[in-house]
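Participant: Structure of the sequence below:
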Amino acid sequence: MRCESCSAAVQRGWRFCEECGAVVQQRGPAAGEAGNNLGGPAGGVPPRVPPPQPATTTTRGGVRDAGHGPQPQPVPEAQANPYLPPGFTPPPPAERRPWLLHAIAAAGVLAILAVIAVATMPEHYKRHVVLPSPADTPTTTARTTSPTPVTPTPRTPTPTPGTVQARVSGIADSAGVSSALSTYYTAINTGNYSTAYALLGPSLQADTPLSKFRDAEISSHIGDVSVLHASDLDSRTAQVDVDFTSRQAADKGPAYGVTCAKWQIRYVMYRDSSDTWTISKSQSRNGSSNAWTAC
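Facilitator: Now for the predicted structure:
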């Protein structure tokens, strides 16, 4: 028996009945040859075809298989790098420093803001912040001058404190007499009384022993020596006029209390057998018995 829906299905040309799910066949020229007008097998109801079922899922090598379509392949295991030594462990990834990125980004933003601020500020402010262009910078041209040769000036040796230079001229042995007088005054100033005493002639040494000479000259300092005149009396005797100033203690002056005296002396110099000039006589140049005046 067929339900009404089967008949309706046949009339509409459907293949399946919506009510019972029976398979029906469309009406055609050979439909009645099978034993009924539905085109099914003779004497019976056509077999029911079960509705399509989902494909059975199986597992192949750990991968789910839906039974149709391309199958996914298993992910191959990572192979060791042949260029690395055995047992090499790669270093851990570098630690990220988000604060550094933030600082760089902030610096960039500040730079952009500074450029914008300079570009948009008024002109009378720009000259205080914008550096002048190379065209505005004055240039100076170096002037090359040849150095002026400098002639060294000969330096006069600085005399030792107490040294006296008595310059004698106009006689045959001016150098010898000059050396004798200079040595005499310098020896008194430096306290070398034996040297000064040795330049006195025999007659003066006989009148004044060394101890008395030392006591008289122990505080003396002779300066302002000026040789006024010199002349030869003979080949071994010369006469020399000298002015000088002596400063000494009050009890050692030519008179008591005289600490500074100006002397006008005439020396008679004699050259002995060893060609050494000595003072053989000392007297006042003006002929008086007093050869000095107070300063």
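Participant: Point out where the stretch 51-200 of the chain drops to low pLDDT.
Facilitator: Flagging of the stretch 51-200 of the chain using pLDDT under 70 yields the residue ranges 51-84, 88, 93-97, 121-147, 150, 152-161.
Participant: Now the longest strand along the chain: buried residues?
Facilitator: Longest strand in the chain by number of residues (criterion: DSSP state E): strand 221-234. The neighbour-count check on strand 221-234 (16 or more other Cβ atoms under 10 Å) flags 222, 225, 227, 230, 232 as buried. In this view, the C-beta of every residue, glycine as well, is placed from N, C-alpha and C.
Participant: Also stretch 172-187?
Facilitator: Across stretch 172-187, burial judged by 16+ other Cβ under 10 Å covers 173-174, 176-187.
Participant: can you check stretch 194-211 too?
Facilitator: For stretch 194-211, burial by neighbour count (16+ other Cβ under 10 Å) applies to 196-197, 199-201, 204.
Participant: okay, these in a markdown table with distance to Ser169 and secondary structure next?
Facilitator: As requested, those are arranged in a markdown table below (distance: Cβ to Cβ, whole Å; DSSP: H, G, I helix; E, B strand; the rest coil):
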| residue | distance to Ser169 | secondary structure |
| --- | --- | --- |
| Ala196 | 23 | helix |
| Tyr197 | 27 | helix |
| Leu199 | 20 | coil |
| Leu200 | 24 | strand |
| Gly201 | 23 | coil |
| Leu204 | 25 | helix |
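Participant: sorry, back to before: sort out which one of the buried residues of strand 221-234 lies nearest Cys260 for me.
Facilitator: Cys260 lies nearest to Ile222 out of the buried residues of strand 221-234, by Cβ to Cβ, at 11.5 Å.
Participant: Hmm, Phe244 and the closest one touching each other?
Facilitator: Yes: Ile222 is in contact with Phe244 according to Cβ atoms under 8 Å; the separation is 5.4 Å.
Participant: residues shared between the contacts of the two?
Facilitator: The overlap between the contact sets of Ile222 and Phe244 (Cβ atoms under 8 Å, 6 or more residues apart in numbering) consists of Tyr185.
Participant: all helices for the chain, in order.
Facilitator: Remark: helices assigned in the chain by DSSP state H are 4-12, 98-120, 123-129, 174-189, 193-198, 202-207, 210-217.
Participant: Mind checking the pLDDT average for the first one?
Facilitator: In this case it means helix 4-12. Mean per-residue pLDDT for helix 4-12: 61.
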